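In: Fold the following.
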Amino acid sequence: MNTKTYITALLLILLSACKVSKDMEKPQVALPETFRNAANSDTTSIADIQWKAFFTDASLQKLIDSAIAKNYDMQLALKNIEAAQLTLTQTKYAYLPDAKLQLGASINRPSDNSLNGLSLSQFLGKSYIEDYSTSVNFSWEADIWGKIRNQRSAALAAYLQTAEAKKAVQTTIVANVAQGFYNLLMLDAQLAIAKKNVLLNDSTLRIIKLQYNAGQVTALAVQQAEAQRLVAAQLVPQFEQAIALQENALSILAGSLPTRTERGTTLTAVTVSSNASTGIPSSMLARRPDVRSYELALNIANANVGIAKANMYPSLSITAAGGVNAFKASNWFNIPASLFGAVAGGIAQPLFQRKQLSTQYEVAKVNREKTVIQFRQSVLTAVGEVSDALVKIEKLKEQQTIASTRQSTLQQAISNADLLFRNGMATYLEVITAQGNVLQSELETAAIKKAQLAANVELYKALGGGWK
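Out: Now for the predicted structure:
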């Protein structure tokens, strides 16, 4: 009857188990209705496009594929997911009792002049006592205050964090490879511009040398023409060096040894996308892996608060042991005579631990507040990155229009200057100046085109694209 009463009381305690912490709601953050500099208020976003549909060049797709598969940061992210999965699986067994198999044998010889020694001599007729035991020991702590439940919640959030971290690594890889590839195309274009200008300067230099031999110009004209040619010639090894370094960087990013990067297109052939649909800011937060990671960090911090608070409350522990025990090896497994069993239960309430438990609880609450601040900061940063990319796209488009007009004007000017120079109606200085201006203008136009492509990549990444 007493046993039934104890079991009933225990069940009532377990059924009435309560959580000492509350689930924390997602903090409210101030979001604009639309992004600053957004061209439209369309609810669709380019971030919903898979990266293979956003980057259509076959060479770039191949490079990104290789980077996602072989990049070591990505491989580490996958291992982190694997480790977190194991930890999460382990927490599923937290409600089960601990069980240990214990096997022991001992011989104890007390002093002949001790009470135990005299008793052994009197009752057993020997000076030592043997003890042989085999038992299974169980221990179990009831999750009255939700400690184990919070531990599982923290493990689940940590696992989901590793998945978001993997997405963040992939978005970074996709963006870095794309920007590196576009930078490579720009360097190719600038190298071609430099070589073309070297040939143009060679032609001008030959004409000035002929005029010098004819006594029409001085040695100064030859020297200045030669100096202008060397300006363009010096750019050639600079661009070749930059190309090799960029190829090496792309190879390492793709998890390969440094080698030449294949490109099946040119900078002029790549079209700058005019689709800058951003969608609404709230949907961006759901796509950004870094924001989602901070949101999950809130779950972990809140679970830690619950665990710290539960440590301050009483804990109910139940232990049990059973097996065989004998004082002679020959009787060790003599069943049922050697069987034994024991069950015990206890409630422990922390009283004084030098204020450690209360301090841990207060620190956990402070850490939760810090996580809320970090979450809000990540949202602010995400919105800012989208706005930055949008203003870059808008202003680079204006710069590209101006640069293209300037380049066309200077190209026409150099044709006129060359024609006038050949007919003696323009000086060599006018020709050299026109050539220098064209060189600088063409290099700047290529750089602006690359910046436009990079800005589109930045917008795609800022909106949370690249991991699909």
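In: any idea which helix or strand carries the closest residue to A94 other than its chain neighbours?
Out: Closest residue to A94 apart from its sequence neighbours, by Cβ to Cβ, 6 or more residues apart in numbering: I148 at 4.6 Å. Just so you know, the C-beta spots here come from the backbone N, C-alpha and C atoms, and that holds for glycine as well. In this assignment (DSSP states H and E), I148 forms part of helix 147-213.
In: Helix or strand next in line after that helix, which one?
Out: Toward the C-terminus from helix 147-213 - assigned by DSSP H and E - lies helix 219-253.
In: Which residues in that next one does the neighbour count mark as buried?
Out: 221-222, 224-225, 228-229, 231-233, 235, 239, 242-243, 246-247, 249-251, 253 (16 or more other Cβ atoms under 10 Å).
In: In terms of secondary structure, what does that helix contact?
Out: The contact analysis (3 or more Cβ pairs under 8 Å, 6 or more residues apart in numbering; DSSP states H and E) places helix 219-253 against helix 147-213, helix 428-462.
In: Could I get the ones you listed in a markdown table, plus columns for mean pLDDT?
Out: Listed next are these as a markdown table, based on pLDDT from 0 to 100:
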| stretch | mean pLDDT |
| --- | --- |
| helix 147-213 | 87 |
| helix 428-462 | 86 |
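In: right, and these - which one's nearest S139?
Out: For those, the distance to S139 is smallest for helix 147-213, at 14.1 Å, taking Cβ to Cβ.
In: What is the distance between stretch 262-280 and the centre of its chain?
Out: Remark: stretch 262-280 is offset 25 Å from the chain centroid, using Cα atoms, centre = their mean, to the nearest Å.
In: Quick one: name whatever helix or strand follows the lowest-mean-pLDDT helix or strand in the chain.
Out: Across the helices and strands of the chain, mean pLDDT, DSSP states H and E gives its lowest value to helix 2-15, namely a mean of 49. Following the chain from helix 2-15 toward its C-terminal end, the next helix or strand by DSSP H and E is helix 51-54.
In: what is the mean pLDDT for stretch 95-107?
Out: What stretch 95-107 shows for mean pLDDT is 87.
In: chain center to it, what's the gap?
Out: Mean C-alpha position of stretch 95-107 versus that of the full chain (Cα atoms, centre = their mean) differs by 44 Å.
In: likewise stretch 276-287?
Out: 20 Å.
In: With only the CA atoms kept, save it in CSV.
Out: Below are the C-alpha coordinates for stretch 276-287, written out as CSV (Å, rounded to 0.1, in the frame of the first residue of the first chain):
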residue,chain,number,x,y,z
ALA,A,276,17.1,45.0,-59.1
SER,A,277,14.0,43.7,-57.5
THR,A,278,14.6,43.7,-53.8
GLY,A,279,11.3,42.6,-52.3
ILE,A,280,10.2,43.7,-48.9
PRO,A,281,12.7,44.1,-46.0
SER,A,282,10.9,41.6,-43.7
SER,A,283,11.3,38.8,-46.3
MET,A,284,15.0,39.6,-46.6
LEU,A,285,15.5,38.9,-42.9
ALA,A,286,14.1,35.4,-43.4
ARG,A,287,16.6,34.7,-46.1
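In: pLDDT (mean, whole number) over it?
Out: In this model, stretch 276-287 has a mean pLDDT of 84.
In: Name the surrounding residues that touch it.
Out: By Cβ atoms under 8 Å, 6 or more residues apart in numbering, the surrounding residues in contact with stretch 276-287 are 31-35, 38-40, 42-48, 291-292, 379, 382-383, 386, 390, 393, 456, 459, 463-465.
In: Buried among the residues you listed? Make that a PyMOL selection.
Out: Entered in PyMOL, the line below selects the buried ones among those, by 16+ other Cβ under 10 Å:
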select buried, resi 31+35+38+45+46+47+48+291+292+379+382+383+386+390+393+456+459+463+464+465
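In: So what's the predicted local confidence for the residue lying farthest from the centre of the chain?
Out: No residue in the chain has its C-alpha farther from the mean C-alpha position than Q122, which lies at 75.6 Å (Cα atoms, centre = their mean). pLDDT, Q122: 74.
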